[in-house]
Each structure stands twice: as C-alpha cells, then as structure tokens.
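S.K.: the following comprises the amino acid sequence and a computationally predicted model.
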Amino acid sequence: MSPLSVWKYLKTHKKKAISSSIVIGLCIFIVLFMQLIVRNMVDGFSLSTGRLNYFSEAISKDDKILDKVVNDLNKADSIEKIIPSIIMTSSTKNTIGMDSGFVVYKMEEKDINFTMNKLGLSLQEGKIDTSKENSIILSDMVVRNKKLKVGDKISKDTDPYFKISGEYVLTGVIKGDINLGFVPMQSNKHNLTSAKNYLFFWKDGFRKELDSELLQNRSKNFDVTNYDIDWSDSQNFNSSFTFMCNLLIIIIVLVQAVIIGFTNYSEYFQRKEEFGIEKALGFKVKNILARVFNEIFVINILAFVVGIALIVLFIGIESFRVTARGVPGYRLIVSDVLKVAIFPVVTTISSVFPVAKLIRNADTINIIEGGH
C-alpha cells in the first residue's frame, strides 16, 4: 500500500508550504544579493582598469631612472608613443556607497586626442577647453554618477568622492566604456618634460615585450602599473569580500538547516499518530518516508524558485536605477544559481533524517490505544 499523495498534503497545508517557501526563499535571495554586490564591485573596478589594455604607466621618484627608461624605450621597436602626464586619482560612489576609483590625466590637448582615439573614446558632449586652467572632461558614467552636466563645477567640497585638489569646471563628456578623465594643458603655458608620470603605448603585438622592459626597472623609486598588476591588486582586494561572502553563505545554510530541521521535526511530531495508523494499516515505512521526503523537498524547491524569482525581480527593478546612477548593472551568472542550489539539498537532508527516526519509532499499538 502507498500513503496519500504529497500534492494532496500540500494542498491541505497551503499556509505551511507558502510560509516555509518564503522564509527559505528569502535566505536564498540574501545569499544571491551578496554575490551580486561583490561582482558589481569588481565590474566597477574593471571600468577603470580597461584603460590599461592600451598602455602601461610608470611613476618615478628618481629623474635619472625615469630619463634612462624613457630614452631607452623611445628607441625601442615596441613603443608607438610615450606621453608625459600628471596622474591624479578620484572615485565614484558604487552601489553600496563605497569608493570605486578612476584616473584623471593632466596632459596636452594633442595627447588627450591621441589617448582617446587609442582607447576608442570620443566626446559625447562639450569640448576639450584649453582656455580654462581648471577645465575637466569626464566619462559619461562618472558624470551620471556625480549628477553633473556640462558647465557644472566640481571639487572636494561639492563631492566627497572627488579626490582631486582644486575646483574644476566640467567642459566635456566622454563616450565609451572606460571610466577616466582628462584635464587639458596648453603646451605654451606648461612644461611637462619634467613630469614624473608617463604613459607608454605599445605597438600591436609588443605588449609583453614593453611590460617586460618596464618591469626590469621596477623598484621603490620607479613604479609600473599595467593591466596584470592592476587587475591582480583588484582581485586581492575583492578576495576578502568573496571569502566573507562564502563564509556567510555557509553560516546561513547551517543555521537555516538547523532551524528548518527543528521546525519540521516539531510539525511532523504532531503527525506521529498519523504515521502509526498508516503503519497499522499496512503502509510500508519506506513509502511513508518517501512521501515525507517529497513533501519537504517540494517545499524546498518552491523556496528555491521563490529566491531566484526575487533576485531576478530585484535585478530588473535596479536595472533602471543603476543606469541613472552611472554604476555597472547587477549580473546573475550560472555559478551563483549553482551555489544556492545547496539550500534545498541541505535543508531537505537536515529535515528528513530526524523525521525518519520518528516514523520508524512510531509505536503503532500504543498510538491506537491512546498512548505516546
């Protein structure tokens, strides 16, 4: 004989099924949300790091070392152009209110045009204004993040995430998928030949060769930044967040497993007489266990669907907001879903084992006679 259908049980216990699915689904949503936040931070960093797919940077405290490197590389086959600049760093506000850095280069107008052309960038609005000492052009996403428009002034006083000293006037907006900015300088008013910062543009196919030559001179007085170094620093920084996220996932899974397991045991304990009567009527223990397993598993699968549905809804709603805020959109990937798939499995196992013991130990005779 087989016990009653699991679907009939769920139909008659809608409140329990719905409440359990929502609670577990919210836990799944929280875990997925944390993973989205970590990935969003990495995506924000990559918007700045993307510039280093086209050149490498060198910053020196020693003029002799810098002069030697620049003179040697000017003759090298790997170099297309070396641009002197003043490198400044600033930041935008990411989705959780933390800094997301980007670089601003102070250089001559002709070098700005060359750099933008190499990076596939163009002016979306405004112009490169060399008539003003304090003009600045910024990427479109930076402008949206800071809620600026051409003609607005920006400084540390007006924007706590703007890290550059002085007050600047936004004269242009850059179109492209790299976060950066430029402050134009007139060559007849400024001398950049003594600049301690240089951008080294390699010729096609010579990236590794150029980086190798630069890294040979790397020391405490001569620092090199290329894509691999910058990305590695980002990964090291974000690995701590990833570790904390994974640790929190484990804690949530274990706590949820204990709580849900205890709750299910309490609820199934109230059905002890039902199990005893079913055994007395000839139902096999394995069939009763199979039905209980299905009841618990179906609720957990429903919870899994609820969790995924909530995070997809959240991403859909936020997609409209992040565009206006000038930050990367949230991305859900397959590995995120696979990671939370452990929830229904662990919760089902933690619930089934104690209930299985309860069913096996159900004393049919005592229950029928009114005992416990």
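M.R.: In hand now; what should we look at? Numbering: from 1, shown residues only.
S.K.: which secondary element of this protein has the worst mean pLDDT?
M.R.: Across the helices and strands of the chain, the lowest-confidence element by mean pLDDT, DSSP states H and E is helix 364-368, at a mean of 53.
S.K.: mind listing what the residue nearest the centre of the chain touches?
M.R.: Central residue of the chain (C-alpha atoms, centre = their mean): Arg39, 1.5 Å from the mean position. Residues in contact with Arg39 (C-beta atoms under 8 Å, 6 or more residues apart in numbering) are 330-331, 333. C-beta coordinates here come from the backbone N, C-alpha and C atoms, glycine included.
S.K.: tell me which element it is part of?
M.R.: Element membership for Arg39 (DSSP states H and E) is helix 14-49.
S.K.: can you give me the buried ones in that helix?
M.R.: 16-17, 20-21, 24-25, 27-32, 34-49 (16 or more other C-beta atoms under 10 Å).
S.K.: do stretch 326-342 as well
M.R.: Applying 16+ other C-beta under 10 Å to stretch 326-342 flags 326-328, 330, 332, 336-337, 339-340 as buried.
S.K.: how about stretch 158-170?
M.R.: So for stretch 158-170, counting by 16+ other C-beta under 10 Å, buried means 159, 161-162, 164, 168, 170.
S.K.: again, but for stretch 345-362
M.R.: Quick answer for stretch 345-362 (16+ other C-beta under 10 Å): 346-348, 350-352, 355-356, 358-359, 362.
S.K.: what's next to it, contact-wise?
M.R.: 24, 253, 256-258, 260-261, 264-265, 268-269, 272, 275-276, 279, 285, 288-289, 292-293, 296-297, 300, 303.
S.K.: got a ChimeraX select line for the buried ones in these?
M.R.: Burial among the contacts of stretch 345-362 is assessed by 16+ other C-beta under 10 Å; the matching ChimeraX selection reads:
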select :24,253,256,257,260,261,264,265,268,272,275,276,279,288,289,292,293,296,297,300,303
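S.K.: list the ones among the contacts of stretch 345-362 that fall in strands.
M.R.: The strands, defined by DSSP state E, take in nothing from the contacts of stretch 345-362.
S.K.: and the pLDDT for His372?
M.R.: Looking at His372, its pLDDT stands at 50.
S.K.: try Asn191
M.R.: 50.
S.K.: repeat that for Ser165.
M.R.: At Ser165, pLDDT is 90.
S.K.: tell me what Val173 is bridged to.
M.R.: Glu125, Leu138 (DSSP bridges).
S.K.: any weak-confidence spans in the stretch 51-200 of the chain?
M.R.: For the stretch 51-200 of the chain, the stretches flagged by pLDDT under 70 are 186-195.
S.K.: how about the helices in it?
M.R.: 63-74, 109-118, 140-145 (DSSP state H, counting those that start in this stretch).
S.K.: and those helices as a markdown table, adding distance to Asn226 and mean neighbour count?
M.R.: Putting the helices of the stretch 51-200 of the chain into a markdown table (distance: least, C-beta to C-beta, whole Å; neighbours: other C-beta atoms under 10 Å) gives the following:
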| stretch | distance to Asn226 | mean neighbour count |
| --- | --- | --- |
| helix 63-74 | 14 | 14 |
| helix 109-118 | 15 | 17 |
| helix 140-145 | 23 | 23 |
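S.K.: Ser91: which of these is closest?
M.R.: Among the helices of the stretch 51-200 of the chain, the nearest to Ser91 by C-beta to C-beta is helix 140-145 (9.4 Å).
S.K.: which residues does the closest one contact?
M.R.: Contacts for helix 140-145 (C-beta under 8 Å, 6+ apart): 47, 92-93, 102, 124, 149, 170, 173-176, 179, 181, 323-327.
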